[in-house]
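**Student:** Need coordinates for the following:
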Amino acid sequence: VQLQASGGGLVQPGGSLRLSCAASGFTLDDYAIGWFRQAPGKEREGVICISNAVGVGSTYYDDSVKGRFTISRDNAKNTVYLQMNSLKPEDTAVYYCNALSGLKQIWGQGTLVTVSS
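**Tutor:** The predicted structure is shown next:
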């Protein structure tokens, strides 16, 4: 049972990145999926999440990313994506994906996103 996050990198302000969160050993659609981030010297915070199939894929956004970030699922690939547009320097952080179903919680390793000119 594992989550693998990828897609981080260095991007200029105003640019875009797409992060991927691939699951192995379990079906991602059975879980609510969230993306969290942790900036240097700060606590980890929730950014965006999508409910499981029972929740009809409802999405929830932190105000800081509304209109810029989008979360989506590809059930055939057992993967969730985080599309990040109009990136700002304050989006710089290590991004983590998380799968939650009842009391079961799985964290992926982080992927670093750096927004800088």
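
**Student:** quick one: residue 30 from residue 3, how far?
**Tutor:** 13 Å (Cβ to Cβ, to the nearest Å). Yep, even glycine has a C-beta here, placed from its N, CA and C like the rest.

**Student:** more crowded one of those two?
**Tutor:** Comparing residue 30 with residue 3 by other Cβ atoms under 10 Å, the one with more neighbours is residue 3, at 23 against 13.

**Student:** which phi and psi does the closest residue to the more buried one other than its chain neighbours have?
**Tutor:** Spatial nearest neighbour of residue 3, chain neighbours left out: residue 108 (3.3 Å); criterion: Cβ to Cβ, 6 or more residues apart in numbering. Geometry field for residue 108 lists phi and psi as phi -90, psi 170, criterion degrees, to the nearest 10.

**Student:** Could you count how many residues lie near residue 108?
**Tutor:** Burial of residue 108 is recorded as 23 neighbouring residues (other Cβ under 10 Å).

**Student:** Now do the strands in the chain.
**Tutor:** Secondary structure of the chain, counting by DSSP state E: strands at 2-6, 9-11, 17-24, 32-38, 45-50, 59-61, 69-74, 79-84, 93-101, 104-107, 111-115.

**Student:** List the buried residues for the longest one?
**Tutor:** Judged by neighbour count using 16 or more other Cβ atoms under 10 Å, the buried positions of strand 93-101 are 93, 94, 95, 96, 97, 98, 99, 100.

**Student:** quick check, distance from that strand to the centre of its chain.
**Tutor:** Distance of strand 93-101 from the chain centroid (Cα atoms, centre = their mean, to the nearest Å) equals 6 Å.

**Student:** Which neighbouring elements make contact with it?
**Tutor:** Packing partners of strand 93-101 (3 or more Cβ pairs under 8 Å, 6 or more residues apart in numbering; DSSP states H and E): strand 2-6, strand 17-24, strand 32-38, strand 79-84, strand 104-107, strand 111-115.
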